[in-house]
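Q: Could you work out the structure for the sequence below:
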Amino acid sequence: MATEEIHRPPSLPPYPEMILSAITALNEAGGSNKTSISKYIESKYGDLPAGHTALLAHHLNRMKDMGEIIFWKNNYMKPDPNAPPRRGRGRPPKPKDPLPTGADLAPARPRGRPPKDPNAPPKPVKPKAATGGSGKPRGRPRKMARPTGGMTGAATTTSAVPMTAGSGRPRGRPPKVKAAAMTEVSVQN
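A: Numbers count the residues shown, from 1 in each chain. Prediction:
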(Lines give C-alpha, C1' and ligand atoms only; values in the text may rest on other atoms or scores of the structure.)
Protein backbone atom coordinates (compact mmCIF):
# COMPACT_ATOMS: atom_id res chain seq x y z
CA MET A 1 0.00 0.00 0.00
CA ALA A 2 2.83 2.35 0.74
CA THR A 3 4.21 1.89 -2.79
CA GLU A 4 0.89 2.95 -4.37
CA GLU A 5 0.96 6.22 -2.43
CA ILE A 6 4.54 6.92 -3.52
CA HIS A 7 3.76 6.48 -7.27
CA ARG A 8 0.61 8.57 -7.11
CA PRO A 9 1.13 12.27 -7.84
CA PRO A 10 0.50 14.28 -4.66
CA SER A 11 -1.44 17.04 -6.47
CA LEU A 12 -4.21 14.71 -7.78
CA PRO A 13 -7.46 14.92 -5.73
CA PRO A 14 -9.87 11.97 -5.51
CA TYR A 15 -11.89 11.19 -8.65
CA PRO A 16 -15.32 12.12 -7.19
CA GLU A 17 -14.01 15.61 -6.39
CA MET A 18 -12.51 15.99 -9.88
CA ILE A 19 -15.79 14.84 -11.49
CA LEU A 20 -17.95 17.24 -9.46
CA SER A 21 -15.57 20.15 -10.15
CA ALA A 22 -15.64 19.31 -13.88
CA ILE A 23 -19.45 19.26 -13.98
CA THR A 24 -19.69 22.61 -12.15
CA ALA A 25 -16.95 24.24 -14.23
CA LEU A 26 -18.41 23.07 -17.58
CA ASN A 27 -21.89 24.24 -16.48
CA GLU A 28 -23.70 22.81 -19.51
CA ALA A 29 -27.49 23.13 -19.56
CA GLY A 30 -28.29 19.46 -20.19
CA GLY A 31 -25.32 18.14 -18.20
CA SER A 32 -21.86 17.01 -19.32
CA ASN A 33 -21.02 13.78 -21.07
CA LYS A 34 -18.16 11.46 -20.18
CA THR A 35 -15.77 12.71 -22.88
CA SER A 36 -16.17 16.38 -21.93
CA ILE A 37 -15.61 15.52 -18.25
CA SER A 38 -12.50 13.49 -19.17
CA LYS A 39 -11.07 16.28 -21.37
CA TYR A 40 -11.63 18.86 -18.63
CA ILE A 41 -9.86 16.68 -16.03
CA GLU A 42 -6.95 16.02 -18.42
CA SER A 43 -6.53 19.71 -19.20
CA LYS A 44 -6.71 20.82 -15.57
CA TYR A 45 -4.69 18.11 -13.82
CA GLY A 46 -2.39 17.02 -16.66
CA ASP A 47 -0.52 13.96 -15.32
CA LEU A 48 -3.19 11.23 -14.91
CA PRO A 49 -2.80 7.50 -14.21
CA ALA A 50 -2.62 5.03 -17.11
CA GLY A 51 -6.14 3.67 -16.56
CA HIS A 52 -7.78 7.10 -16.43
CA THR A 53 -10.76 6.20 -18.68
CA ALA A 54 -11.55 3.03 -16.72
CA LEU A 55 -11.22 4.86 -13.39
CA LEU A 56 -13.44 7.68 -14.63
CA ALA A 57 -16.13 5.25 -15.84
CA HIS A 58 -16.00 3.34 -12.55
CA HIS A 59 -16.36 6.47 -10.41
CA LEU A 60 -19.11 7.92 -12.61
CA ASN A 61 -21.13 4.69 -12.28
CA ARG A 62 -20.51 4.56 -8.53
CA MET A 63 -21.55 8.18 -8.03
CA LYS A 64 -24.63 7.61 -10.19
CA ASP A 65 -25.65 4.59 -8.07
CA MET A 66 -25.06 6.51 -4.83
CA GLY A 67 -27.20 9.43 -6.05
CA GLU A 68 -24.40 12.01 -6.02
CA ILE A 69 -24.92 12.73 -9.73
CA ILE A 70 -27.79 12.11 -12.17
CA PHE A 71 -27.37 10.34 -15.51
CA TRP A 72 -29.91 11.62 -18.06
CA LYS A 73 -29.77 11.29 -21.85
CA ASN A 74 -26.11 10.20 -21.82
CA ASN A 75 -25.12 13.24 -19.69
CA TYR A 76 -24.11 13.59 -16.05
CA MET A 77 -25.34 16.48 -13.87
CA LYS A 78 -25.61 17.43 -10.23
CA PRO A 79 -29.01 16.65 -8.70
CA ASP A 80 -31.20 19.70 -8.18
CA PRO A 81 -33.00 19.44 -4.83
CA ASN A 82 -35.98 21.48 -6.09
CA ALA A 83 -36.45 19.59 -9.38
CA PRO A 84 -39.21 16.97 -9.66
CA PRO A 85 -38.04 13.39 -10.22
CA ARG A 86 -37.53 12.54 -13.88
CA ARG A 87 -39.54 9.83 -15.52
CA GLY A 88 -38.44 7.29 -18.09
CA ARG A 89 -40.01 6.82 -21.49
CA GLY A 90 -43.48 5.40 -21.99
CA ARG A 91 -46.82 5.80 -20.34
CA PRO A 92 -46.78 6.70 -16.64
CA PRO A 93 -48.19 4.07 -14.28
CA LYS A 94 -51.75 4.49 -13.04
CA PRO A 95 -52.06 5.83 -9.51
CA LYS A 96 -53.07 3.12 -7.05
CA ASP A 97 -56.24 3.57 -5.04
CA PRO A 98 -55.57 3.57 -1.30
CA LEU A 99 -57.07 0.58 0.51
CA PRO A 100 -59.46 1.10 3.40
CA THR A 101 -57.80 0.80 6.79
CA GLY A 102 -59.80 -2.28 7.91
CA ALA A 103 -59.32 -4.30 4.69
CA ASP A 104 -57.43 -7.57 4.95
CA LEU A 105 -55.18 -8.46 2.06
CA ALA A 106 -55.34 -12.05 0.84
CA PRO A 107 -51.95 -13.60 0.15
CA ALA A 108 -50.97 -13.32 -3.50
CA ARG A 109 -51.49 -16.42 -5.59
CA PRO A 110 -48.28 -17.94 -6.93
CA ARG A 111 -47.80 -18.12 -10.67
CA GLY A 112 -48.40 -21.27 -12.68
CA ARG A 113 -50.55 -24.32 -12.14
CA PRO A 114 -51.18 -25.25 -8.52
CA PRO A 115 -49.64 -28.54 -7.37
CA LYS A 116 -51.84 -31.64 -7.08
CA ASP A 117 -53.09 -32.56 -3.63
CA PRO A 118 -51.60 -35.98 -2.72
CA ASN A 119 -54.44 -36.67 -0.25
CA ALA A 120 -57.26 -35.98 -2.74
CA PRO A 121 -59.29 -39.01 -3.94
CA PRO A 122 -58.79 -39.99 -7.60
CA LYS A 123 -61.30 -38.63 -10.09
CA PRO A 124 -63.87 -41.12 -11.48
CA VAL A 125 -63.23 -42.25 -15.04
CA LYS A 126 -65.97 -41.18 -17.46
CA PRO A 127 -67.25 -43.94 -19.81
CA LYS A 128 -66.66 -43.12 -23.49
CA ALA A 129 -69.61 -42.94 -25.84
CA ALA A 130 -69.98 -46.05 -28.07
CA THR A 131 -71.04 -44.19 -31.20
CA GLY A 132 -70.02 -40.87 -32.64
CA GLY A 133 -73.64 -39.71 -32.69
CA SER A 134 -74.24 -39.66 -36.47
CA GLY A 135 -74.31 -43.44 -37.00
CA LYS A 136 -71.69 -43.28 -39.77
CA PRO A 137 -68.35 -45.07 -39.40
CA ARG A 138 -65.30 -42.91 -38.86
CA GLY A 139 -62.69 -42.24 -41.52
CA ARG A 140 -62.61 -42.43 -45.30
CA PRO A 141 -65.22 -44.66 -46.94
CA ARG A 142 -64.10 -47.89 -48.63
CA LYS A 143 -63.64 -48.05 -52.40
CA MET A 144 -66.59 -49.44 -54.34
CA ALA A 145 -66.14 -52.67 -56.39
CA ARG A 146 -65.35 -52.29 -60.11
CA PRO A 147 -68.03 -53.49 -62.52
CA THR A 148 -67.35 -56.74 -64.35
CA GLY A 149 -68.27 -57.54 -67.96
CA GLY A 150 -66.84 -54.52 -69.75
CA MET A 151 -68.89 -52.41 -72.21
CA THR A 152 -72.05 -54.48 -72.51
CA GLY A 153 -74.94 -52.10 -72.27
CA ALA A 154 -76.02 -49.22 -70.12
CA ALA A 155 -74.64 -48.41 -66.73
CA THR A 156 -76.19 -50.42 -63.93
CA THR A 157 -76.73 -49.50 -60.33
CA THR A 158 -73.75 -51.64 -59.29
CA SER A 159 -71.27 -49.48 -61.21
CA ALA A 160 -68.15 -48.11 -59.54
CA VAL A 161 -69.23 -44.51 -60.01
CA PRO A 162 -72.42 -43.35 -58.30
CA MET A 163 -75.05 -41.84 -60.62
CA THR A 164 -76.79 -38.55 -60.21
CA ALA A 165 -80.53 -38.52 -59.66
CA GLY A 166 -81.59 -36.70 -62.86
CA SER A 167 -79.40 -38.09 -65.68
CA GLY A 168 -78.76 -41.60 -66.94
CA ARG A 169 -75.03 -40.99 -67.30
CA PRO A 170 -72.45 -41.47 -64.52
CA ARG A 171 -70.38 -38.54 -63.25
CA GLY A 172 -66.73 -38.02 -64.13
CA ARG A 173 -64.52 -38.88 -67.09
CA PRO A 174 -65.88 -41.58 -69.39
CA PRO A 175 -63.94 -44.86 -69.62
CA LYS A 176 -61.30 -45.30 -72.32
CA VAL A 177 -62.50 -46.95 -75.55
CA LYS A 178 -60.75 -50.26 -76.37
CA ALA A 179 -58.43 -50.44 -79.43
CA ALA A 180 -60.48 -53.24 -81.16
CA ALA A 181 -63.56 -51.05 -81.32
CA MET A 182 -61.52 -48.27 -82.88
CA THR A 183 -60.22 -50.43 -85.75
CA GLU A 184 -63.72 -51.61 -86.72
CA VAL A 185 -64.95 -48.03 -86.95
CA SER A 186 -62.00 -46.94 -89.12
CA VAL A 187 -62.40 -49.88 -91.58
CA GLN A 188 -66.03 -49.06 -92.28
CA ASN A 189 -65.15 -45.62 -93.63
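
Q: Tell me, please, where in the protein the pLDDT is lower than the cut-off.
A: Judged by pLDDT under 70, the chain has its weakly predicted residues at 1-10, 84-87, 100, 102-105, 128-133, 149-167, 180-189.

Q: Run through the strands of it in chain order.
A: With DSSP state E, the ranges of strands along the chain come out as 70-72, 75-77.

Q: which residues are in contact with the first one?
A: Okay, so that is strand 70-72. Identification of contacts with strand 70-72 by Cβ atoms under 8 Å, 6 or more residues apart in numbering yields 30, 31, 60, 64, 76, 77, 78, 79, 86. For every residue, glycine as well, the C-beta is placed using N, CA and C.

Q: So which bits of that strand are buried?
A: Buried positions in strand 70-72, judged by neighbour count with 16 or more other Cβ atoms under 10 Å: residue 70.

Q: ok, it: who's next to it in the sheet?
A: Using DSSP bridges, strand 70-72 pairs in its sheet with strand 75-77 (antiparallel).

Q: How far does the partner strand sit from its chain's centre?
A: 34 Å (Cα atoms, centre = their mean, to the nearest Å).

Q: next one: stretch 51-68
A: 34 Å.

Q: Which positions in that stretch come out as buried?
A: Those would be 56, 59, 60, 63, 68, for stretch 51-68 by 16+ other Cβ under 10 Å.

Q: The first one contacts residue 15, doesn't it?
A: Yes. At 6.8 Å, residue 56 and residue 15 qualify as touching, with contact defined as Cβ atoms under 8 Å.

Q: Packing partners of the longest helix seen in the chain?
A: Counting residues, the longest helix found in the chain (DSSP state H) is helix 52-66. If you count contacts as 3 or more Cβ pairs under 8 Å, 6 or more residues apart in numbering; DSSP states H and E, helix 52-66 packs onto helix 15-26, helix 34-45, strand 70-72.

Q: Quick one: residues contacting residue 60.
A: Per Cβ under 8 Å, 6+ apart, neighbours of residue 60: 19, 34, 37, 69, 71, 76.

Q: and if we set it to 10 Å?
A: Neighbour list for residue 60: 15, 16, 19, 34, 37, 38, 68, 69, 71, 76 [criterion: Cβ atoms under 10 Å, 6 or more residues apart in numbering].
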